[in-house]
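*Asks:* next input, structure requested:
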Amino acid sequence: YDILKSGGLIISEYSPNVEPNSKMFLERNRIVSGISIGILVIEAMDRSGTSVTARLATQQGRKVFVLPHEIEDIHGKGTNKLIRKGATLITSTQEIIEEFEFLSFKEINDNFGQEYGDFVLRKTADCISGCLSEGQKVYKLVADEFLILDVASDEAKDADKLYDKVREAIDRFIETNEFKVMYTVSGGIVPFAALKGNQCSEALKLTDFALNEAKKLGRNRCYIFNGETYRKFLRKREIIQELREAVINGFQGFTAFYQPVFAEDKKVPYGAEALMRFTSEKFGMISPAEFIPILEETGLIIPAGRWMMKEAMGKCSEIRKILSGFRMSINISQVQASKSDVIQDISAEMKRTGLPLEAVIVELTESDLLEQNINEKHFLTELKRMGISLALDDFGTGYSNFHYLSELKPEIIKIDRSFTAKAVADEQEYYLQNQFCTMIHNLDMKICIEGIESAQEWLKIRKLCPEFTQGYFWGKPCGYEEFVRKFVQEK
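*Replies:* As a prediction, the model looks like this:
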């Protein structure tokens, strides 16, 4: 009770039907003498069946965590054995949890052997221990991950300073060791106030998240837990699950939208760009800027892109029965081009729908071309060989490389809305866009200017003589039935 009252740390092994007494307490205390994780006691039940230790903790207003069996003290002195049945960690109400991971340890083991790797790990543990002050405890989790529990402070800035001390200590060890091995440390910091539950699993989950965020920032970085970022992470995880289920269940929630593309002043659309949309059961319609990168990251863009291709080509075939020269622009991602046989997919759909080669335009973004691999080069070569038109989308928004223009010889260069908005608002920007358009025309390529939203913008942009225009002024993306009604039947 005195330990709890003073804000001390107790870890108790669950042993039912054992009466609590001072002798048992002292025996267990002697057994773990020197272990850095605090005092171990046998947890006992009172006559009501309630844990005496847990009840005392509740009376003192402290949190109770259940520790998983994997946690051990920093030097691995048999702690796993003592808490293998699960334990209760009772902490004070103010604390900071910090998790570290050391990168390149696999390389150390591979190059110097596991024994030397263990030596480096022990030295690393010593570096951490040497940085700790009163009220701070360190635990080894798994492999090269450590967790520090700070019951003396609830200030994230103090944990950040501790991270700097640990990193400096490790840098000194690396230098003393004559740079035989080089490795970095990433740290994730979670204030106690961020924990909603009373389970240690919750604490480990949040510290893992913070640690992963630190690694995203680069090596030798520390990240302080942010609730808003974590909520976005959870949202993304839910969206991933919904996207997976949608792909499995016949692409439920996916919809193909179409935005008209007009040629010069003609009232009938020259074609359309097919745009993927997704509606979540929980979140409603999700922006393509959010869910398409997730599809690409998970690889789900391959089956989803195949479905989109089938939808768009099928609808193009229907529209061409009315507008014989109608063309459909289909976006292909870098993931599709590099990790699937997208050429085979295109060929199969064209054969199924009976579309001629000129009916389809493949759109690639400029940024996708920066990461060309063998498969993507094959895709571009085959596209050219087959005679399928290529459009470079968002040209100029990334690292513009004019070599793409001569090597790929795209039929169409699409200029992004961001440039259009600048050109109509600023004379210098307009001059630059005019020069760019002149150059593209001199290369015998066509221009599609995107993002025209008003008649006033069109009056200025039309002087650049683009072959094609696209934007809200002409029509917003919409479903197939609405598109046919507005831009096919009525026209």
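
*Asks:* switch to C-alpha atoms for all contacts and neighbour counts from now on
*Replies:* OK.

*Asks:* how close does residue 153 get to residue 228?
*Replies:* 23 Å (C-alpha to C-alpha, to the nearest Å).

*Asks:* and the pLDDT at residue 11?
*Replies:* At residue 11, the model reports a pLDDT of 42.

*Asks:* mean confidence for stretch 325-340?
*Replies:* Computed over stretch 325-340, the average pLDDT equals 92.

*Asks:* that should have said stretch 106-123, apologies.
*Replies:* Rounded mean pLDDT across stretch 106-123 is 85.

*Asks:* still on that earlier bit, looking at residue 153 and residue 228, which one has more neighbours?
*Replies:* residue 153 (17 against 9; other C-alpha atoms under 10 Å).

*Asks:* pretty sure that one belongs to a strand, no?
*Replies:* No - according to DSSP: H, G, I helix; E, B strand; the rest coil, residue 153 belongs to no strand; its state is coil.

*Asks:* quick one: it from residue 232, how far?
*Replies:* 28 Å.

*Asks:* report the distance from stretch 107-114 to the chain centre.
*Replies:* 30 Å (C-alpha atoms, centre = their mean, to the nearest Å).

*Asks:* ugh, wrong one, stretch 239-254
*Replies:* So, by C-alpha atoms, centre = their mean, the centroid of stretch 239-254 is 18 Å from its chain's centroid.

*Asks:* buried sites along that stretch?
*Replies:* Buried residues in stretch 239-254, counted by 16 or more other C-alpha atoms under 10 Å: 239, 240, 242, 243, 244, 246, 247, 251, 253, 254.

*Asks:* rebuild those residues as CSV, extending it with distance to residue 380, secondary structure and pLDDT.
*Replies:* Shown next, in CSV, are those (distance: C-alpha to C-alpha, whole Å; DSSP: H, G, I helix; E, B strand; the rest coil; pLDDT from 0 to 100):
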residue, distance to residue 380, secondary structure, pLDDT
239, 32, helix, 97
240, 30, helix, 97
242, 32, helix, 97
243, 28, helix, 97
244, 29, helix, 97
246, 30, helix, 97
247, 27, helix, 97
251, 28, coil, 97
253, 31, coil, 96
254, 27, strand, 98
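
*Asks:* could you pull out the strands in the stretch 151-300 of the chain for me?
*Replies:* Secondary structure of the stretch 151-300 of the chain by DSSP state E, counting those that start in this stretch: the strands cover 184-191, 222-224, 254-263, 271-280, 284-286.

*Asks:* and the contacts of the last one?
*Replies:* It stands for strand 284-286. By C-alpha atoms under 8 Å, 6 or more residues apart in numbering, the surrounding residues in contact with strand 284-286 are 277, 278, 279, 280.

*Asks:* pretty sure residue 353 sits against residue 314.
*Replies:* Yes - here residue 353 reaches residue 314: they are 6.1 Å apart, a contact under C-alpha atoms under 8 Å.

*Asks:* show me the helices in the stretch 251-400 of the chain, by range?
*Replies:* With helices called from DSSP state H, counting those that start in this stretch, the stretch 251-400 of the chain shows them at 288-298, 301-319, 334-339, 342-353, 374-386.

*Asks:* and the last one, what does it pack onto?
*Replies:* Which is helix 374-386. helix 334-339, helix 342-353 (3 or more C-alpha pairs under 8 Å, 6 or more residues apart in numbering; DSSP states H and E).

*Asks:* at 10 Å what do you get?
*Replies:* Helix 374-386 sits against helix 334-339, helix 342-353, strand 389-395, helix 403-408, with contacts defined as 3 or more C-alpha pairs under 10 Å, 6 or more residues apart in numbering; DSSP states H and E.

*Asks:* kindly export stretch 451-467 (C-alpha atoms) in PDB.
*Replies:* In PDB, the C-alpha atoms belonging to stretch 451-467 read as follows (Å, rounded to 0.1, in the frame of the first residue of the first chain):
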ATOM      1  CA  GLY A 451      -9.700  23.000 -65.100                       C
ATOM      2  CA  ILE A 452     -11.600  25.700 -67.000                       C
ATOM      3  CA  GLU A 453     -14.300  26.700 -64.700                       C
ATOM      4  CA  SER A 454     -15.900  29.900 -66.200                       C
ATOM      5  CA  ALA A 455     -16.700  31.600 -69.500                       C
ATOM      6  CA  GLN A 456     -14.200  34.300 -68.500                       C
ATOM      7  CA  GLU A 457     -11.400  31.800 -68.100                       C
ATOM      8  CA  TRP A 458     -12.300  30.200 -71.400                       C
ATOM      9  CA  LEU A 459     -12.100  33.500 -73.300                       C
ATOM     10  CA  LYS A 460      -8.500  33.900 -72.200                       C
ATOM     11  CA  ILE A 461      -7.400  30.300 -72.500                       C
ATOM     12  CA  ARG A 462      -8.900  29.800 -76.000                       C
ATOM     13  CA  LYS A 463      -6.300  32.200 -77.300                       C
ATOM     14  CA  LEU A 464      -3.700  29.500 -76.500                       C
ATOM     15  CA  CYS A 465      -5.300  27.400 -79.200                       C
ATOM     16  CA  PRO A 466      -5.700  24.200 -77.300                       C
ATOM     17  CA  GLU A 467      -7.100  21.300 -79.300                       C
END
